Structures are given as structure tokens and as C-alpha cells.
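>>> Take a look and give me a structure for this.
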Amino acid sequence: MPGNMNNLMKQAQRMQRQMEESQKELEEKEFVAKAGGGAVEVTVTGKKEITKVKLSEEVVDPDDIEMLEDLVMAAANEALRMADEASAEVMNKMTGGLGGGFPF
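Numbers count the residues shown, from 1 in each chain. The predicted structure follows:
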């Protein structure tokens, strides 16, 4: 029985290291989303930090600021959704689809 406990602890430690490595990789990854046919582009990291906003000249209309705001918001939300999906995918791989639980 003590041997099984040692194996279980080693497996848990290995799983924790893999999780930390996967999390670090995810945090360094960038997600880019566009809106308005590419007129607005937003880049976020896996840490969910916006690192870049790119606007095409034709979308900058001083008489229609509301449209630009909507496009920036749409692109940012899509990029954040992409980061969330990637994070969920990493968690699913690590937990074997158990919803974050352990197999014991």
C-alpha cells in the first residue's frame, strides 16, 4: 500500500508540473481577432491582456465614433473568447475531460 501512495504522489507532482508548463505556454500565446471585415484587429495574450489594437484609416470616422467603439469591443471580445477556449482545451487535456477533477 505505501508504494501505491508514493506512485500516486509522483503522478500528482508530474501532473502539476505539466499543468504549470501548459499554463505558461498558454499565457505566452497570442490570439488575434478582427471585426468590420478586418478594419479593426485586437491582439490579446493568454493572460487576457490586450497587447495590440490596429485600426484601418477608413474605420476612423469622427462622425461615427460609436461604430468604431462597437468594432473594437467586438474584436476584443472575440479575442478573449479565443483565449478562453484555448485555456479550456488545455484544462480538458490535463484532466482527461473530468471537469477539473482527479481520476481517484
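>>> Tell me which stretches of this structure form strands.
Counting by DSSP state E, the chain has these strands, from start to end: 30-35, 40-45, 50-55.
>>> Run through the bridge partners of the closest residue to residue 79 other than its chain neighbours.
What sits nearest to residue 79 in space, not counting adjacent residues and going by C-beta to C-beta, 6 or more residues apart in numbering, is residue 33, at 3.9 Å. Quick note: C-beta positions are derived from backbone N, CA and C, even for glycine. Note on residue 33: beta-bridge partners residue 42, judged by DSSP bridges.
>>> next one: the lengthiest helix in the chain to chain centre, how far?
Counting by DSSP state H, the longest helix found in the chain is helix 65-95. Distance, stretch centre to chain centre, for helix 65-95: 7 Å (C-alpha atoms, centre = their mean, to the nearest Å).
>>> what does stretch 20-35 give?
Distance of stretch 20-35 from its chain centroid, counting by C-alpha atoms, centre = their mean, is 5 Å.
>>> can you check stretch 3-21 too?
Taking C-alpha atoms, centre = their mean, the mean C-alpha location of stretch 3-21 is offset from the chain mean by 25 Å.
>>> Would you mind listing the buried residues in the longest helix of the chain?
68, 71-72, 74-76, 78-80, 82-83, 87, 90-91, 94 (16 or more other C-beta atoms under 10 Å).
>>> for those, which one is nearest residue 46?
The closest of the buried residues of helix 65-95 to residue 46 turns out to be residue 83 (C-beta to C-beta; 5.5 Å).
>>> Excluding sequence neighbours, find me the nearest residue to that closest one.
Nearest non-adjacent residue to residue 83 (C-beta to C-beta, 6+ apart): residue 31, at 4.9 Å.
>>> Assess the claim that that neighbour and residue 84 are in contact.
No. Contact status for residue 31 versus residue 84: not in contact, 9.4 Å apart, counting by C-beta atoms under 8 Å.
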